[in-house]
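Generate coordinates for the sequence data below:
(2 chains, ligands or ions: 6)
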Amino acid sequence: MAKKHTNHTDLKEKPIPEGRHLLEVDNLKMFFHTEDGIVHAVNGVSYTLDRGETLGVVGESGSGKSVTAMTIMGLIDMPPGKIEGGHVYYRGESLLDMTEEQMQHIRGNDIAMIFQDPMTSLNPVYKIGHQVGEGLRLHRGYSKKEALQRATELLDLVGIPEPEKRVNEYPHQFSGGMRQRAMIAMALSCDPDILIADEPTTALDVTIQAQIIELMQEMQEKNGNAIIMITHDLGVVADMADKIMVMYAGRPVEFGTADEIFYESRHPYTWGLIRSIPEQAIDEKKPLTPIHGNPPSLVNLPKGCPFAPRCPYAVDICHEQEPVHITTETGHYSACHFADDPEFLKFAPDTSRSRGKIATGTPETIQTKPTGGEA
Amino acid sequence: MASNTTGAPLLKVEHLTKEFPAEAGMLAGRFSKRVVSAVNDVSFEIHAGETFGLVGESGCGKSTTGRTIMRLTNPTAGKVFFEGKDVAQMNKHELKDLRREMQFIFQDPYASLNPRMTIGEIISEPMTIHGVGTKEERMKTVRELLDVVGLNPEHINRYPHEFSGGQRQRIGIARAFALHPKLIICDEPVSALDVSIQAQVLNLLKDLQKQFGTAYLFIAHDLSVVQHISDRVAVMYLGKMVELSDWKTLYTEPHHPYTQSLLSAVPVPDPDVQKSRNRIILAGDPPSPLDPPSGCRFHTRCPIAQARCSQEQPEFREIKPGHFCACHCAAPFPIKESHIDL
Ligand SMILES: Nc1ncnc2c1ncn2[C@@H]1O[C@H](COP(=O)(O)OP(=O)(O)OP(=O)(O)O)[C@@H](O)[C@H]1O
Ligand SMILES: Nc1ncnc2c1ncn2[C@@H]1O[C@H](COP(=O)(O)OP(=O)(O)OP(=O)(O)O)[C@@H](O)[C@H]1O
Ligand code: SF4
Ligand code: SF4
Ligand SMILES: [Mg+2]
Ligand SMILES: [Mg+2]
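Ligands and ions are numbered 1, 2, ... in the order given. Alright, predicted model coming up:
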């Protein structure tokens, strides 16, 4: 490793230029060139994100959620990956034009990521404290001792009991929920501007998942950072997200505010996802409405709309012509030929709002203490 | 549903307990008394044609309960009766029959199918083992089954790797139905699948149940999936069954504080509902089954625990007809409607 990077000016200190957003992803395309052909993994992704906001990214397995995030972070090996077009601006600066040295400073410091599998990103041979403090040593010039001290505080902050003892333990001594907390502590160590969390709760039980979501929200309130939450769980995005991007076959098929996606969706794939979820309604048990068939191969994409082979509303044009984004004045876009046809939008599923059954009431949260009952 | 809760039960589980030695291998001392208390004193019944859902967090003993019923592992204590017969007293012949009547569907559609067998061989294997029909008859049945589960019968000679996750789970289902069993233990059959594919498989399981009158023991950690498919639902925590009732009561009037916190923690895919509902966020992880807490096993995390909870084990008692709960203070909780879109 070369010298410390303490002389870099942190990009996160730079003011966001007038009229721009914290993060702007514009028609980003990244394909893998493999022996089997070209994998169209990121195929025209666009969105914007501001400070304090949470973007939820949802879609089926293999739809390109992780690869999109890794492309933005500059973590895709090129080759086999290759940027085929588009831009990524962070505080107005083009990330795709940065050198690897600049990206190394941005990663962890300005934009931090929690990876899908904590066991592959926590190194089994290093103590937790060493790993949580690594960013501070690397980006902030902390001494070993200072970094360990701060790591202990961070573990305490994310709710790990007995942090003085736990900093000296190894990942295998942690439960799944504790590893996820340690990952969050590590990601937040340098106060990043943007936290990208790739399925941070998928492997966890619901009661632990609720703790982790609560923690991420508390941290966001405190630090004002933006969050990109990648998940296949629509419940988790309903809980956390301000904006949602729905991906299908490497493409964003719909993007909008959480309300727009859940209550005013304009894309048949989003409708299908919503209809596939077992209903919460208690008065009847209707059969679920699955989306028939399977997602297409990203190597041999069908002609026209990638969803056409599974779309119950597909007509001739869908198999011929690829739909462009149809955008409303609020920035809600849908990649469906009929997204602005009011007659077509009547096919959208019923929601609690359209049924006029808006839930009301003042929520109450009870948090138990770890020692509850022994008092 | 098709359930018949009045007649004699198809399956009766009485005080089922399963302990594993704590230390495996060379270190396992002969005199070591330490055990993993995986399942402790669990009792319930499953009736012909019904779906009995079993939920709870990772490691609470759901799979062990299923495996012990299947005799894939022997219980430490307790009894299992199938159609009134004590499974432990069965002779070889009866056990073989039992294996016909009870089938298993596994969680992992990738690992549970032998990659070197064609799907025709995989699906017909139970029939081959039990000597049902000639080879031709068996292949005819396989083709019919493939059609029933929505796969192309032409694909009978293909291998598992040529199918997607949802399709492989259909292959596992076809195999489980090959002998028209009376009970299928489904261990997390849709957990590895995307929601759209999950919905396909859940619908299939329901259709087949209607067609064949099969009962399911449906094990899962996803509460909304269990709600959708089950007639009755039981909740486990750290090896104990803590609550059991018909699905509607369990989801609208949960009495056990653990059931209440579980239900309140499930994120609902509806932002309005999500914003307006009450929640209980439990602290910490479930304790180790090596050294379960004294008294009520939930007392270390329970929001309403009393002094007696760490001393006295609550009895699993019938608080209303058909509604069982193991809690000293069981009472309906204000969580109730607010998490459900009524
Ligand atoms: N190094 C690689 N070479 C070739 N193809 C790749 C590579 N990495 C990923 N892919 C492909 O890119 C596509 C998108 O993968 P990605 O991991 O982003 O999916 P995902 O939406 O995160 O899915 P999941 O929900 O399963 O995590 C997949 O088809 C995957 O097979
Ligand atoms: N063969 C075994 N030897 C020792 N311990 C075991 C064995 N099988 C299971 N256990 C332990 O018994 C407990 C219950 O495990 P079980 O697999 O039944 O849980 P589960 O509820 O199915 O969990 P999951 O949702 O993760 O599948 C766990 O603590 C587990 O570690
Ligand atoms: S463009 Fe056609 S196939 Fe694609 S989502 Fe819209 S209606 Fe369906
Ligand atoms: S018995 Fe006590 S500790 Fe156990 S669930 Fe009931 S109130 Fe809580
Ligand atoms: Mg991923
Ligand atoms: Mg299990």
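
Please tell me how far A:S276 sits from A:I196.
A:S276 is 26 Å from A:I196, where distance means Cβ to Cβ, to the nearest Å. Quick note: C-beta positions are derived from backbone N, CA and C, even for glycine.

now swap in A:G135 and tell me
Separation of A:G135 from A:I196 (Cβ to Cβ): 14 Å.

higher neighbour count, these two?
Using other Cβ atoms under 10 Å in any protein chain shown as the criterion, A:G135 and A:I196 rank with A:I196 on top: 26 against 23.

Quick check on the more buried one: phi, psi?
Dihedral pair for A:I196: phi -100, psi 120, per degrees, to the nearest 10.

distance of it from A:G44?
Between A:I196 and A:G44 the computed distance is 20 Å (Cβ to Cβ).

Next: A:I106.
Separation of A:I106 from A:G44 (Cβ to Cβ): 24 Å.

Number of residues surrounding A:F347?
Counted with other Cβ under 10 Å, A:F347 comes out at 11.

The single nearest residue of the stretch 51-200 of chain A relative to ligand 4: which element?
Closest approach of the stretch 51-200 of chain A to ligand 4 (Cβ to the nearest ligand atom) occurs at A:P161, with a separation of 20.0 Å. Using DSSP states H and E, no element contains A:P161; it sits outside every helix and strand.

Just the helices from the chain, written as ranges.
I'll assume chain A. Along chain A, counting by DSSP state H, helices occupy A:65-72, A:100-106, A:118-121, A:128-132, A:134-140, A:144-157, A:163-166, A:176-188, A:206-223, A:234-240, A:258-263, A:268-276, A:316-320, A:342-345.

Chain B was what I was after
Taking DSSP H as the criterion, chain B contains helices spanning B:62-69, B:92-101, B:119-129, B:135-148, B:165-177, B:195-212, B:223-229, B:247-252, B:257-265, B:271-276.

Check which helices and strands the third one sits against.
Counting by 3 or more Cβ pairs under 8 Å, 6 or more residues apart in numbering or on different chains; DSSP states H and E, the packing neighbours recorded for helix B:119-129 are helix B:135-148, helix B:165-177.

Nearest to ligand 3, out of the ones you listed?
Among the helices and strands packed on helix B:119-129, the nearest to ligand 3 by Cβ to the nearest ligand atom is helix B:165-177 (20.7 Å).

need the contact list for the closest residue to ligand 2 within chain A.
Closest residue of chain A to ligand 2, Cβ to the nearest ligand atom: A:D205 (8.0 Å). Neighbouring residues of A:D205 by Cβ atoms under 8 Å, 6 or more residues apart in numbering or on different chains: A:177, B:57-58, B:221.

same thing with A:V132?
A:V132 neighbours (Cβ under 8 Å, 6+ apart): A:151, A:154-155, A:167, A:182, A:185-186, A:189.

Make JSON lines out of these and add pLDDT and distance to B:H323.
Shown next, in JSON lines, are the contacts of A:V132 (pLDDT from 0 to 100; distance: Cβ to Cβ, whole Å):
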{"residue": "A:A151", "pLDDT": "94", "distance to B:H323": "48"}
{"residue": "A:L154", "pLDDT": "90", "distance to B:H323": "45"}
{"residue": "A:L155", "pLDDT": "91", "distance to B:H323": "42"}
{"residue": "A:V167", "pLDDT": "93", "distance to B:H323": "47"}
{"residue": "A:A182", "pLDDT": "90", "distance to B:H323": "41"}
{"residue": "A:A185", "pLDDT": "89", "distance to B:H323": "43"}
{"residue": "A:M186", "pLDDT": "90", "distance to B:H323": "45"}
{"residue": "A:S189", "pLDDT": "89", "distance to B:H323": "49"}
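
Those also near ligand 4: which ones?
For ligand 4, no contacts are drawn from these by Cβ under 6 Å from any ligand atom.
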